[in-house]
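Trainee: Sequence first, predicted coordinates after that:
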Amino acid sequence: MKTNAAFWDTSALVPLCCSQPALTVLARRAARQLERKIVWWGTAVEVYSALQRLHREAILNDQYLLKAKARWKTLSDTLRIVEPRERVRELAETMPTLYQLRALDSFQLAAALAWCREKPRGHAFVCFDEGLAKTAREVGFHVVA
């Protein structure tokens, strides 16, 4: 890999905010190695949605939900955000056809490609979603999962 920077998918950020068996250990290890975290503009919405889902499913109680949101707030202050530019939209539009990705995964991968100027070789992509990780590998990212 070229640097200690990586694009982080929501699936790898949520375990940094709340305990998830096996994933939290992997996410923390990646966070130590890849300190500079780059994310898509819509990632905050995805993180809050995931935390609320865990709360609805009674995986997080009220107290742990508040702690997880506080951890996210602290973490989010350190992130570099890929803004929703025209090129990101253009790239995302091709993803469902080329790779059978869903809309939000398409935006994640498109933002990652925009971050590395569409040259993914040697750039890290941290992701615990199997389908998105597989596609990220196909386009040339070094996937940390």
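Mentor: Perfect, thanks for sending it.
Trainee: use CA for all of it now, contacts and neighbours both
Mentor: OK.
Trainee: Which residues does the helix or strand that contains Val88 contact?
Mentor: Applying DSSP states H and E as the criterion places Val88 in helix 86-99. Outside of helix 86-99, the residues within contact range by Cα atoms under 8 Å, 6 or more residues apart in numbering are 101-103, 106-107, 109-111, 114, 135.
Trainee: try stretch 103-120
Mentor: So stretch 103-120 is contacted by 7, 9, 38-40, 82-84, 87-89, 91-93, 95-96, 123, 125, 132, 136, 139-142 (Cα under 8 Å, 6+ apart).
Trainee: Who wins on neighbours among the contacts of helix 86-99?
Mentor: Ala111 (29 neighbours; other Cα atoms under 10 Å).
Trainee: Could you verify that that one is part of a helix?
Mentor: Yes - under DSSP: H, G, I helix; E, B strand; the rest coil, Ala111 falls within a helix.
Trainee: Which strands or helices does the strand or helix carrying Ala70 pack on?
Mentor: For Ala70, the element it lies in under DSSP H and E is helix 62-76. For helix 62-76, the packing partners by 3 or more Cα pairs under 8 Å, 6 or more residues apart in numbering; DSSP states H and E come out as helix 10-17, helix 43-56.
Trainee: Quick check: which of the ones you listed is buried the most?
Mentor: helix 10-17 (a mean of 23; mean count of other Cα atoms under 10 Å).
Trainee: tell me the mean pLDDT over it?
Mentor: In this model, helix 10-17 carries a mean pLDDT of 98.
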